[in-house]
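> Quick one: sequence plus predicted model below, questions after.
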Amino acid sequence: MKYGLVVLSLLVPGLLCLNAWQGYRYNDLSNSVASLERQQKDLLEANRDAIAEIAYERSPSRVEEKASRSFTLAPVDQEHVTRILVQGSGGQGQ
């Protein structure tokens, strides 16, 4: 009986310490998850912005603007374009 009371009196504080430690770990992991969720949200927004920027840069009007400004390119007059028809191996023009 004496040994049971001694073990019980030592076991209760030990279990309380384990409970507090588990609560600390849970809180720490909860903060980590919240931080990762914020980071994921920021990355998704940055990805969405990058996709929109790519779409804008690939638009025909933007390509034409950059070509004329950066490289001083101008559209070719269709009279100066020569088209050559090459026939495939089946004898059909493609």
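Thanks, I have the structure now.

> So which elements touch the lowest-mean-pLDDT helix or strand in the chain?
The weakest-scoring helix or strand in the chain, judged by mean pLDDT, DSSP states H and E, is helix 60-70 (a mean of 84). For helix 60-70, not one helix or strand is in contact under the criterion 3 or more CB pairs under 8 Å, 6 or more residues apart in numbering; DSSP states H and E. C-beta: built from backbone N, CA, C; applies to glycine.

> Renumber starting at 34 from here on
Got it, the first residue is 34 from now on, which makes the last one we talked about helix 93-103.

> How about residues contacting it?
With contacts defined as CB atoms under 8 Å, 6 or more residues apart in numbering, helix 93-103 is touched by 89-90, 106-107.

> Tell me where the chain has helices.
Using DSSP state H, the helices of the chain run over residues 35-91, 93-103.

> and these, which one's lowest on average pLDDT?
If these are sorted by mean pLDDT, helix 93-103 sits at the bottom with a mean of 84.

> That one: how far from the chain's middle?
For helix 93-103, the separation from the chain centroid amounts to 29 Å (computed by CA atoms, centre = their mean, to the nearest Å).

> do stretch 35-50 as well
Worked out by CA atoms, centre = their mean, stretch 35-50 lies 51 Å from the chain centre.

> on that earlier part again, got the angle between the least confident helix or strand of the chain and helix 35-91?
With axes from the mean of the first three to the mean of the last three CA atoms, to 10 degrees as the basis, helix 93-103 and helix 35-91 are set at 70 degrees to each other.

> Output helix 93-103 as CSV - backbone C-alpha positions only.
C-alpha atoms of helix 93-103 as CSV (Å, rounded to 0.1, in the frame of the first residue of the first chain):
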residue,chain,number,x,y,z
PRO,A,93,-0.2,40.3,-79.8
SER,A,94,-0.5,44.0,-79.0
ARG,A,95,2.3,43.8,-76.4
VAL,A,96,4.6,41.8,-78.7
GLU,A,97,4.0,44.3,-81.5
GLU,A,98,4.7,47.2,-79.1
LYS,A,99,7.9,45.7,-77.8
ALA,A,100,9.1,44.7,-81.3
SER,A,101,8.6,48.2,-82.8
ARG,A,102,10.1,49.9,-79.8
SER,A,103,13.0,47.7,-78.9
